[in-house]
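# Sequence unavailable; structure follows:
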């Protein structure tokens, strides 16, 4: 027998938070230009088992960080659910509506081809995803779950956690502003689409 939802208030609220209905989100100021906005050159998402354990074949993250120059860019990441990604000192990660919240200023640095780490400048913590798919602030930059595969899909950036690439777990922000569990994310959802913004007010 197939079980059905009890449709209680709790279930409705959770379903509403996770829904990905097409809603018009007002764009914030200070958006950075995206190099490629062509749908024809859309990046294929990484869901294949061959990507699942690539991190085990790479040199340890410690070696990669030590032997190659680090290209670091400061920016903000605006989710298409209407929130700026913020990393807080208590290790929580959630969205903020403030355009220039200090916890939303991020350093994005390359650690490999198409791979980045994201660090909250004020909190000093790295964006990470644990084994349950929860995003959190990680103090240890050498942990492999702090590496994200950055891809450009049309006009939006997606961030796939490299350690959990075989599961297809993306960085996502719900409509409520809370972090979205990795197992509830899917390629193409608004929750996993991000636009880069200037880290500081312009002019």
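Arrived safely. Owing to the predicted nature of the structure, the values given are computational and were not obtained by experimental measurement.

# Show the contacting residues for the residue most central in space within the chain.
In the chain, the centroid-proximal residue (CA atoms, centre = their mean) is residue 171; its distance is 3.2 Å. With contacts defined as CB atoms under 8 Å, 6 or more residues apart in numbering, the neighbours of residue 171 are 85, 127, 129, 135, 148, 158-161, 185, 192, 194. (Glycine included, C-beta is placed from N, CA and C.)

# Mind giving me the PyMOL command for buried ones among those?
Command for PyMOL, covering only those of the contacts of residue 171 found buried under the criterion 16 or more other CB atoms under 10 Å:
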select buried, resi 85+127+129+135+148+158+159+160+161+185+192+194
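
# Now render the contacts of residue 171 as CSV, adding distance to residue 103, secondary structure and pLDDT.
Shown next, in CSV, are the contacts of residue 171 (distance: CB to CB, whole Å; DSSP: H, G, I helix; E, B strand; the rest coil; pLDDT from 0 to 100):
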residue, distance to residue 103, secondary structure, pLDDT
85, 9, strand, 98
127, 12, strand, 98
129, 18, strand, 98
135, 14, strand, 98
148, 18, strand, 97
158, 22, strand, 98
159, 18, strand, 98
160, 23, strand, 98
161, 21, strand, 98
185, 22, coil, 98
192, 21, helix, 98
194, 16, strand, 98
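
# now the contacts of residue 171 in JSON lines, with distance to residue 23?
Listed next are the contacts of residue 171 as JSON lines, based on distance: CB to CB, whole Å:
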{"residue": "85", "distance to residue 23": "19"}
{"residue": "127", "distance to residue 23": "25"}
{"residue": "129", "distance to residue 23": "25"}
{"residue": "135", "distance to residue 23": "22"}
{"residue": "148", "distance to residue 23": "26"}
{"residue": "158", "distance to residue 23": "19"}
{"residue": "159", "distance to residue 23": "21"}
{"residue": "160", "distance to residue 23": "24"}
{"residue": "161", "distance to residue 23": "26"}
{"residue": "185", "distance to residue 23": "18"}
{"residue": "192", "distance to residue 23": "15"}
{"residue": "194", "distance to residue 23": "16"}
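
# returning to that earlier point: so how far is residue 188 from the residue nearest to the centre of the chain?
To residue 188, residue 171 is 14 Å away according to CB to CB, to the nearest Å.

# which residues of this protein fall in helices?
For the chain, the helices defined by DSSP state H occupy 9-18, 54-57, 61-67.

# which residues does the closest residue to residue 87 other than its chain neighbours contact?
Leaving aside its sequence neighbours, residue 87 sits nearest to residue 120 (CB to CB, 6 or more residues apart in numbering; 3.0 Å). By CB under 8 Å, 6+ apart, the contact list for residue 120 reads 86-88, 103, 105-106, 126-127, 137.

# Okay, and the beta partners of residue 120?
Beta-bridge partners for residue 120, by DSSP bridges, are residue 106.

# Check the gap between it and residue 104 for me.
8 Å.

# Now the common contact residues for the two.
In contact with both residue 120 and residue 104: residue 86, using CB under 8 Å, 6+ apart.

# Please tell me how far the residue nearest to residue 87 sits from residue 189.
23 Å.

# ditto for residue 123
Applying CB to CB to residue 123 and residue 189 gives a distance of 26 Å.
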